[in-house]
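J.: The following comprises the amino acid sequence and a computationally predicted model.
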Amino acid sequence: MGMGIHEEKIDGVPQFVSYFGPLLEILRDLGGQARPKQIFDEIRRRYGVPDEFLEQINTNGRPKFENRVAWARFYLTKAGLMTSPKRGVWGLTEKGSKAGMTPTFAADLFRSAQAAFKGDEDEQQAPSDDVVPEGVNYWFVGAMWDEGDQTERFVRERIWQNGYEDKFSKLVRQIKPGDRIALKSTFVRKFDLPFENYGRPVSAMKIKAIGTVTANHNDGLTVEVDWKAVEPPREWYLYTYRTTVVRARFEDDDMARQLVAFTFEDVDQDFARFLTHPYWADRFAKVVEPLSEIEGEEDVASDVEGEFEAYGIDNIIAEGGFLGAEALSGLIKILSSKKNLILQGPPGTGKTWLAKRLARALMGRHSPRSDQLRSVQFHPSLSYEDFVRGYRPGTNGLTLTDGVFLQAVEAARAQPDIPHVLVIEEINRGNPAQVFGEMLTLLENTKRSRAEALELSYRKVPGERIHVPDNLYIIGTMNIADRSLALVDLALRRRFAFVTLEPALNDAWSAWCAARGIDADTIDEVRNRIELLNAAIADDRTLGPQFRVGHSFVTPTDAENIEDGREWFRDVVSTEIGPLLDEYWFDAPDRAREAKEKLLAGL
């Protein structure tokens, strides 16, 4: 029997270099992206790694097998063959998807990488953070602080500094000597543009200085730079970066490659190429819908760097979120990782309310752009042609038109430095497999790259391929009490994280009601009566826990000032909860009447 992969060794290099070829091969077979555990399992299965080696642990408590594979991933990423499309996922670059790997090439690749391996491949811990590709990377950074524009100081002192102690520090630590860096500022231009914009505002970015990084202080704040001021500053349009620190993903984004060439190689911007992109083609067509024009003006006006109202978990709680900071933080973490989240629960548990606020918290903006946060409701007659792409009547007959999903995809591709969220209300009212079509495959968080792109059922140009960018997030809501809805497709379940919201008549709810004028005794009465009702509903064989009454039914709005809490509750029972109970027990009207009487008894 020949040597196993854990024993094979190429002369002159560590043993883990033997994993280079198998790692690339397995990633190709897994679709170009996968989580580390999937890769470990597949290597173990395919190459018969024995249990006695798998059980060996290094002094850091990590299996030696996994550490060797992680070192292989580290060097392949440095070589530009692998990438980290998101935290916790390993992926192939376009270059990696085509690369062959001979022993000689693997050894040369290891030796040429300027990396951190110094000794024992089993005991030295392989880096677990996202790895920036080896060679030159290109960074676009802001210079606006609360005290004003720091460009002149940065150039004079030959540094760049992050103006935030609690943001961007991880990215700043990834900047390394030899990387190229540009000082930029974003703004809006409406007139005197080098292309026809029909008087509409255009997002623009000014390149004020370019340089080469000479040192990183590794404090998440300061890097040293050999700057060259750009006089006069050069202006770049349409595809702009608004956040303070951005690495141009030139390895898999053609628009980023063009920006890099413009900034550092003095290549002119090809406006015609950008204006054919669906996102800008729609915005700068000669004739656009009046509402779209208004939204476009508002959106671009928000492109000025740093000029927006922040939004986070504390805002959700202040606006009436009763889950608590830890639970809300957990939801944001799940959404960030999985990319796709469904909030399910009984009626009145605030699913749509929370979905839109989670989206704003993920973005960090109180008022996102109209194309950054979109909302759509599924219904039985919704089709692939409505949601993704299909033929629709136009002035010149039938026209192939993108639906809201592809519009969201193109907006996210055009603005790669900011999150985009599509909220789908009542996602199980439609037929998700039919409505999403091939897009259902591309939603998966491990398939968010150009390498995974597919041809659509309807193509605008021959060979057109679409992928879902990793800055597009989907939040669906699902009412689990609707008897008319079928079970959710298993393919959809695999691609979404599901979180169930419960009726929340807790202390936070009590405080909210008290702040709007309801006395403590009434609050306790309402809570007790709704909880008793929900217990009866949960115990009913024809209903069950999914039919319980949510807290939204008995939560006053922010603007309400309740003068008589008992009268307010009677109105809620009469106009909202009562009709719902009549529907629940449509075949047992006496049961519904009894439940309503218990809610109102003595009030």
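T.: In hand now; what should we look at?

J.: where along the stretch 201-350 of the chain do the strands fall?
T.: Under the criterion DSSP state E, counting those that start in this stretch, the stretch 201-350 of the chain carries strands at the ranges 202-216, 222-237, 245-247, 340-345.

J.: who does the shortest one touch, helix- and strand-wise?
T.: Where contact means 3 or more CB pairs under 8 Å, 6 or more residues apart in numbering; DSSP states H and E, strand 245-247 is packed against strand 138-141, helix 169-174. Bear in mind the C-beta positions are built from the backbone N, C-alpha and C, glycine included.

J.: Against residue 458, how distant is the nearest residue to residue 401 once chain neighbours are set aside?
T.: In space, and not counting its chain neighbours, residue 401 is closest to residue 392: 4.6 Å by CB to CB, 6 or more residues apart in numbering. From residue 392 across to residue 458, the span is 11 Å (CB to CB, to the nearest Å).

J.: and the helices and strands packed on strand 245-247, which one is worst for confidence?
T.: Among the helices and strands packed on strand 245-247, helix 169-174 has the lowest mean pLDDT, at a mean of 90.

J.: and the next element down the chain from that helix?
T.: Counting by DSSP states H and E, the next helix or strand C-terminal to helix 169-174 is strand 180-189.

J.: Using the record's assignment, carve this structure into domains.
T.: 15-112, 138-301, 313-500, 507-600 (automatic domain parsing).

J.: Switch the ones you listed over to TSV; also include distance to residue 6 and mean neighbour count.
T.: As requested, the domains of the chain are exported to TSV (distance: least, CB to CB, whole Å; neighbours: other CB atoms under 10 Å):
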stretch	distance to residue 6	mean neighbour count
domain 15-112	5	18
domain 138-301	30	17
domain 313-500	26	18
domain 507-600	50	16
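
J.: could I get those domains as JSON lines with distance to residue 5?
T.: Output for these, formatted as JSON lines (distance: least, CB to CB, whole Å):
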{"stretch": "domain 15-112", "distance to residue 5": "4"}
{"stretch": "domain 138-301", "distance to residue 5": "27"}
{"stretch": "domain 313-500", "distance to residue 5": "23"}
{"stretch": "domain 507-600", "distance to residue 5": "49"}
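
J.: Quick one: closest of those domains to residue 7.
T.: With CB to CB as the criterion, residue 7 lies closest to domain 15-112 of these, at 7.8 Å.

J.: Please state the offset of that closest one from the chain centre?
T.: 26 Å (CA atoms, centre = their mean, to the nearest Å).

J.: start to end distance for that domain?
T.: End-to-end distance of domain 15-112: 17 Å, with CA to CA, to the nearest Å as the criterion.

J.: avg pLDDT for it?
T.: Mean pLDDT, computed over domain 15-112, is 86.

J.: Likewise for stretch 524-541?
T.: pLDDT averaged over stretch 524-541 gives 95.

J.: same thing with stretch 275-283?
T.: With pLDDT averaged residue by residue, stretch 275-283 scores 88.

J.: Equivalent analysis for stretch 388-402, please.
T.: What stretch 388-402 shows for mean pLDDT is 87.

J.: ok so residue 393 is a strand residue?
T.: Yes: under DSSP: H, G, I helix; E, B strand; the rest coil, residue 393 falls within a strand.

J.: need the contact list for it.
T.: Neighbour list for residue 393: residue 399 [criterion: CB atoms under 8 Å, 6 or more residues apart in numbering].

J.: The one 3 residues further on now?
T.: The neighbourhood of residue 396, defined by CB under 8 Å, 6+ apart, contains no residues.

J.: sorry, back to before: overlap in contacts, residue 392 and residue 458.
T.: Taking CB under 8 Å, 6+ apart as the contact rule, the neighbours common to residue 392 and residue 458 are residue 385.

J.: which secondary structure elements does the longest helix along the chain contact?
T.: The residue-count maximum for a helix in the chain (DSSP state H) belongs to helix 520-539. Counting contacts by 3+ CB pairs under 8 Å, 6+ apart, helix 520-539 packs against helix 507-514, helix 565-572, helix 589-600.

J.: Can you add distance to residue 329 and mean pLDDT and give these back as JSON lines?
T.: As requested, the helices and strands packed on helix 520-539 are exported to JSON lines (distance: least, CB to CB, whole Å; pLDDT from 0 to 100):
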{"stretch": "helix 507-514", "distance to residue 329": "15", "mean pLDDT": "95"}
{"stretch": "helix 565-572", "distance to residue 329": "31", "mean pLDDT": "95"}
{"stretch": "helix 589-600", "distance to residue 329": "35", "mean pLDDT": "94"}
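
J.: Which residue ranges of the stretch 1-150 of the chain form strands?
T.: All strands of the stretch 1-150 of the chain, identified by DSSP E, counting those that start in this stretch, fall at 33-34, 82-86, 89-92, 138-141, 144-145, 148-149.

J.: follow-up on the earlier one: okay if I get the helices and strands packed on helix 520-539 as a markdown table plus distance to residue 266?
T.: Below are the helices and strands packed on helix 520-539 laid out as a markdown table (distance: least, CB to CB, whole Å):
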| stretch | distance to residue 266 |
| --- | --- |
| helix 507-514 | 57 |
| helix 565-572 | 67 |
| helix 589-600 | 74 |
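
J.: surely residue 432 meets residue 494?
T.: No: with contact defined as CB atoms under 8 Å, residue 432 does not reach residue 494; the gap is 11.8 Å.

J.: hmm, back to that, quick check: bridge partners of the residue nearest to residue 401?
T.: Under DSSP bridges, the beta-bridge partners of residue 392 are residue 399.

J.: list the contacts for it?
T.: Counting by CB under 8 Å, 6+ apart, residue 392 touches 385, 398, 399, 401.

J.: May I ask you to confirm that residue 405 belongs to a helix?
T.: Yes: membership of residue 405 in a helix is supported by three-state DSSP.

J.: Against residue 238, how distant is it?
T.: Residue 405 sits 22 Å away from residue 238, going by CB to CB.

J.: With adjacent residues omitted, what lies nearest to residue 76?
T.: residue 82 is the one closest to residue 76 (CB to CB, 6+ apart), at 4.3 Å.

J.: meant to ask about residue 411
T.: In space, residue 411 is closest to residue 371, 4.3 Å off (CB to CB, 6+ apart).

J.: wait, the one you found sits on residue 422?
T.: No: counting by CB under 8 Å, residue 371 does not reach residue 422; the two are 10.6 Å apart.

J.: who touches both of the two?
T.: Shared contacts of residue 371 and residue 422 (CB under 8 Å, 6+ apart): residue 408.

J.: re the thing from before, what does the residue nearest to residue 411 show for phi and psi?
T.: Note on residue 371: backbone dihedrals following degrees, to the nearest 10 are phi -90, psi 0.

J.: I'd like the distance between it and residue 280.
T.: Relative to residue 280, residue 371 is positioned 11 Å away (CB to CB).
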